[in-house]
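J.: sequence? don't have it. structure:
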């Protein structure tokens, strides 16, 4: 089923691509040229229109205006099948793999090797051989017989790349490929990308991480609000790139004074928590967060951070261990009671746990206090107080909305997050827990949210920040606890070199790495 | 780490990859009341019920299980009371074995044996002093199971591609009606069967368009279509068939096929090799769909579309097209299942004659874990319960008739709620696919 095309590198040109969704112009006359064998970074904030653009290139969406030229020839991609036939492959941000299929089945899907003519009997042996061949040729180890759901994300990503490469594509689109990887896995991926480019493949690398862009890209196109604002080279400084991306000067560093830690506020001892499947997720964690300091928890997603935070907040029953705030045991307390005892909580999944999207901004701002004076008395609400307080918060927290009465769903991700942060910081707090506080948030809002978190710290609140973005943890935290497979491997200073923290995130402590080497 | 291509990579990379891959290796903690022990407890309890309740109630007379369709010929005989207590005790033993938690590998086998012993204990109690013709019972079970097999297969096709088919009942009714009407007019069984399939197809087409094209909730659509089929066939029956029964409602009956030689094997021969053509069709479909789902391009794509439609779409699989195809194929099969009611079972159409069989087929699909062979097994189990209820009421069981008629439904509830456990349905089952 492989397309027979001559092995010359592919040159791609996008001319005046425009895509509208109703009134919103997601892409506004975008021009990009990707030269053969080049790594072309597409840099932009969340919601800038990068993914929309690439979905048009991959045949998932059709442009309203403009044309796509492959090797100088105008092409129309109605389905991904057309794009693949023209030599374009894509690795999506959310992996497009069927979890209950084997690696080989996932790679075969849509381009199966078959026998028996119209019967279409799968030729598993040939399929397996193709997978191993591609895997070997590009140095991407995958086990064709493993079930995808059993694989860690890094391995799943290799499967996605092999899947695209078995289809003989010459241009590979990688959509935010490093979002789920450890620093080491990221480095590995970047070296794979270099290898692919060297063998003549063109790569379009979508990201908002400046460090990676500078490390790998040959050329950079910056997109802001659906328009190409600049084409830059990798020697452009990070600050300049950030300014191009956001449209104004931004400071990438979190500015903060040294912390002045006080009494122990949050004390966790020997906490054990299971996840939804009954598998141990938090395996004996001890943590202390002091007043006036930020403790950051670094770790690759899925190492028990979610369960740890949910257990603290009373959203998940722990199997054993003690969680205390100012000496008071939280065991058996309802989440409502925990929140009202002076704990602020920014949940990791904003749309699921943070806001009620259909509710207005004003309503969302009082979700924690709707039955308390002045907002209500447990029987009826007091709209006047709610609206007045909302107007105040909207200014104070710079929430960009047409009105406090607009539904939260009409706001951008960053502004939705500001609603959550504003609500949680409107109570007097002893402890603040922020889980992935800037996920899916634009750079401008990240800056603001970070400064609010530091502000809260300086007011003497104990702050626990959980993030899978190492940069964020390093920037915010006064101490960093690295979590791996449900345990805190070490608590380190943010001044520790990134590489060493990265090794800890991959579970390698000094002693263990020696053992592993022996085992290999 | 057995990946063969790993060796050529630099040391540090293979090291980090190896460590990260161990991430998923966290073992599940072993809970005492795991699935096996809970099932073991259940089996022990029903075993105790058989021994301590059925046993004393059973008459101490001979229970005869004849190897024919009537009281004549060779028979397996056992004292009713002894048999009840004996099989009850076997059931307890199997349950206790499962409770020890040491027979995990044989879990399914022990479960089946435990239930079988309980059923045998129950039979010994009921048949004591009487006889039960085994051939008649088994071939009756297969016959009752027939529409359930076809209905559940229709469900398998739809749900494996992500469309929930609650309208099997409606497809049965349309099939039964179409078979009676066209079969009578054309005086041909085969014309009847074909129009039954078209009847099922009509309902399937409405389900497909509403669920796939217009994204209406699939369970609601299915329910509405069942009511629609009931109304349409009921109306036509009263207006058309009832006044002119001879002209419109006297379909020919489907022939039996006897395979010479094989049909003479005791018990199995008459049950399997001297039976309705439709049974053969159904069994062939089970095997065919099983292998097609596993080993063909169509099957791989069907499963992908039912599990992760977006992933299938991004590699060029036509999600909606495949769903249409599968729902329509399912309609043809369920329609053929409907033909059973008029061409095999009763010989004439009657208002609401399917009486919920479509829902039992749906239960068989779930009990059978969305697989063709599972559905076959579940359908046979339910068919047996139905035949047993019929046999016992004819044989004059002390249990009131109304309770016996509940038997198939109770078996369904127990099977689906109690035994299935946490089964994983296709991940995108019931979710319409909208391109984002």
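T.: Alright, I've got the coordinates. Given the structure is predicted, the values throughout are model-derived calculations rather than measurements.
J.: contacts only, for residue B:195.
T.: Under the criterion of Cβ atoms under 8 Å, 6 or more residues apart in numbering or on different chains, the neighbours of residue B:195 are B:178-179, B:181-183. To be clear about C-beta, it is placed using only N, CA and C from the backbone, and glycine gets the same treatment.
J.: name the SS class of it, please.
T.: In three-state terms, and counting by DSSP: H, G, I helix; E, B strand; the rest coil, residue B:195 is helix.
J.: any idea how far residue B:327 is from it?
T.: 19 Å (Cβ to Cβ, to the nearest Å).
J.: could you chop the chain up by domain?
T.: You didn't pick a chain, so chain A it is. A:12-87+A:169-250, A:97-168, A:264-356+A:427-519 (automatic domain parsing).
J.: was after chain B, sorry
T.: B:35-129, B:135-393.
J.: can you list the weak-confidence ranges in chain B?
T.: Scanning chain B for pLDDT under 70 picks out B:1-31, B:415-423, B:436.
J.: show me the strands in it, by range?
T.: Using DSSP state E, the strands of chain B run over B:62-66, B:75-79, B:131-133, B:256-258, B:274-276.
J.: between those strands, which one is closest to residue A:141.
T.: Distance to residue A:141, taken as Cβ to Cβ, is lowest for strand B:274-276 among those, at 54.0 Å.
J.: list the contacts of the closest one.
T.: Applying Cβ under 8 Å, 6+ apart, the external contacts of strand B:274-276 come out as B:139, B:142-143, B:146, B:254-259, B:263, B:344.
J.: over to stretch A:66-84?
T.: Here stretch A:66-84 makes contact (Cβ under 8 Å, 6+ apart) with A:3, A:10-18, A:29-30, A:56-60, A:62, A:86-90, A:110-111, A:167, A:169, B:313-316.
J.: let's go with 6 Å and repeat that
T.: By Cβ atoms under 6 Å, 6 or more residues apart in numbering or on different chains, the residues outside stretch A:66-84 that reach it are A:11-18, A:58-59, A:86, A:167, B:314, B:316.
J.: now do stretch A:426-436
T.: Against stretch A:426-436 from outside (Cβ under 6 Å, 6+ apart): A:265-266, A:309, A:325, A:342-348, A:456, A:461-467.
J.: likewise for stretch A:468-475?
T.: A:254, A:296, A:298, A:301, A:467, A:480, A:494.
J.: most neighbours, which of these?
T.: residue A:298 (28 neighbours; other Cβ atoms under 10 Å in any protein chain shown).
J.: which residues does that one contact?
T.: Contacts of residue A:298 (Cβ under 6 Å, 6+ apart): A:470, A:473, A:480, A:482.
J.: that older thread, highest neighbour count among the contacts of residue B:195?
T.: Using other Cβ under 10 Å as the neighbour criterion, residue B:179 leads those with 32 neighbours.
J.: which ones are touching it?
T.: Contacts of residue B:179 (Cβ under 6 Å, 6+ apart): B:192, B:196, B:339, B:342-343.
J.: who wins on neighbours among the residues you listed?
T.: Among those, residue B:196 has the most neighbours (other Cβ under 10 Å), with 34 neighbours.
J.: list the contacts of whatever residue of the stretch 151-300 of chain B ends up closest to chain A.
T.: Distances between the stretch 151-300 of chain B and chain A by Cβ to the nearest Cβ are smallest at residue B:297, namely 3.6 Å. Contacts for residue B:297 were tallied using Cβ under 6 Å, 6+ apart; they are A:112, A:114, A:120.
J.: shouldn't the last one be in contact with residue A:114?
T.: In this case it means residue A:120. Yes: counting by Cβ atoms under 6 Å, residue A:114 is a contact partner of residue A:120 at 4.6 Å.
J.: filter the contacts of stretch A:468-475 down to the ones in strands?
T.: Under the assignment DSSP E, the contacts of stretch A:468-475 contribute A:296, A:298, A:467, A:480 to strands.
J.: between those residues, which sits nearest chain B?
T.: Distances from chain B to those, taken by Cβ to the nearest Cβ, are shortest for residue A:298, at 15.0 Å.
J.: partner residues bridging the closest one?
T.: With DSSP bridges as the criterion, residue A:298 is bridged to residue A:467, residue A:482.
J.: can you check the pLDDT for it?
T.: pLDDT, residue A:298: 93.
J.: from residue A:304, how far out is it?
T.: Look at residue A:298 and residue A:304: by Cβ to Cβ, they are 13 Å apart.
J.: and for residue B:399?
T.: Taking Cβ to Cβ, one finds residue B:399 at 55 Å from residue A:304.
J.: which one's more surrounded, these two?
T.: Neighbour comparison, residue B:399 and residue A:304: the larger count goes to residue A:304, with 25 against 13 (by other Cβ under 10 Å).
J.: now the helices for the stretch 1-150 of chain A?
T.: Shown for the stretch 1-150 of chain A, the helices assigned by DSSP state H, counting those that start in this stretch span residues A:50-57, A:80-85, A:103-108, A:124-137.
J.: quick one: which of those helices is nearest residue A:22?
T.: Among these, helix A:50-57 sits nearest to residue A:22 (Cβ to Cβ), with 13.3 Å.
J.: who touches that closest one?
T.: Applying Cβ under 6 Å, 6+ apart, the external contacts of helix A:50-57 come out as A:19, A:26-27, A:30, A:42, A:44, A:61, A:63, A:173, A:206, A:223.
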